[in-house]
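In: can't give you the sequence, but here's the structure:
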């Protein structure tokens, strides 16, 4: 054993050439956000907790989005929670409440229950979080609101990645991999 150690301690370690690994395990939420058409973060992405459900729902419809990050009034940096289309339907319409007088803070998911990710979160981790918590929208927070991803965004990324992998495998099988 001592003899083996003597010969191997000075041997150089041969590593395979470093290849740029691209796959879902290496795809981040930041890359998902970059692929979205609405890559910029703007006021269309949030509302205030004292806004009416009517105004929040109108903003979601106008911007073709399914949720809004809710901010505390007077403090654009403090996140109060999230409100979704489903919140509007289940907590207002289904309960015969007035959407013009009900405040977002009455129906939103509060900040202490909010599930968020960072831009460097792996797509698999984001998908698992969304699935385990049965949610379709997740704010991306890097000290501030960076964006919002939905289950549709994540599934689209998975499908695109799998399509790419399948094309590479087909090329390999055909011998077109050089």
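Out: On my side now, so go ahead. A quick note: this is a predicted structure, and the numbers were derived from the prediction, not measured.
In: could I get the full set of helices for this structure?
Out: 2-8, 29-35, 53-63, 85-88, 104-107, 123-132, 151-174 (DSSP state H).
In: pick the most deeply packed of those.
Out: helix 104-107 (a mean of 20; mean count of other CB atoms under 10 Å). C-betas here are computed from N, CA, C, even on glycine.
In: average pLDDT for that one?
Out: Throughout helix 104-107, pLDDT has a mean value of 95.
In: can I get the helices of the chain in CSV with distance to residue 141?
Out: What follows is the helices of the chain, written out as CSV (distance: least, CB to CB, whole Å):
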stretch, distance to residue 141
helix 2-8, 48
helix 29-35, 10
helix 53-63, 19
helix 85-88, 19
helix 104-107, 19
helix 123-132, 13
helix 151-174, 16
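In: figure out which of the ones you listed is closest to residue 74.
Out: Residue 74 sits nearest to helix 104-107 of all the helices of the chain, at 13.4 Å, using CB to CB.
In: so which residue is dead centre in this protein?
Out: residue 149 (3.4 Å; CA atoms, centre = their mean).
In: if I look at residue 92, how far off is residue 124?
Out: Residue 92 sits 35 Å away from residue 124, going by CB to CB, to the nearest Å.
In: could you do residue 89 as well?
Out: For residue 89, the distance to residue 124 - CB to CB - is 30 Å.
In: where does the chain have low pLDDT?
Out: Under the criterion of pLDDT under 70, the regions of the chain flagged as low confidence span 1-25, 37-44, 76-77, 177-178.
In: which one's the longest strand in it?
Out: When secondary structure is assigned using DSSP state E, the longest strand within the chain turns out to be strand 75-84.
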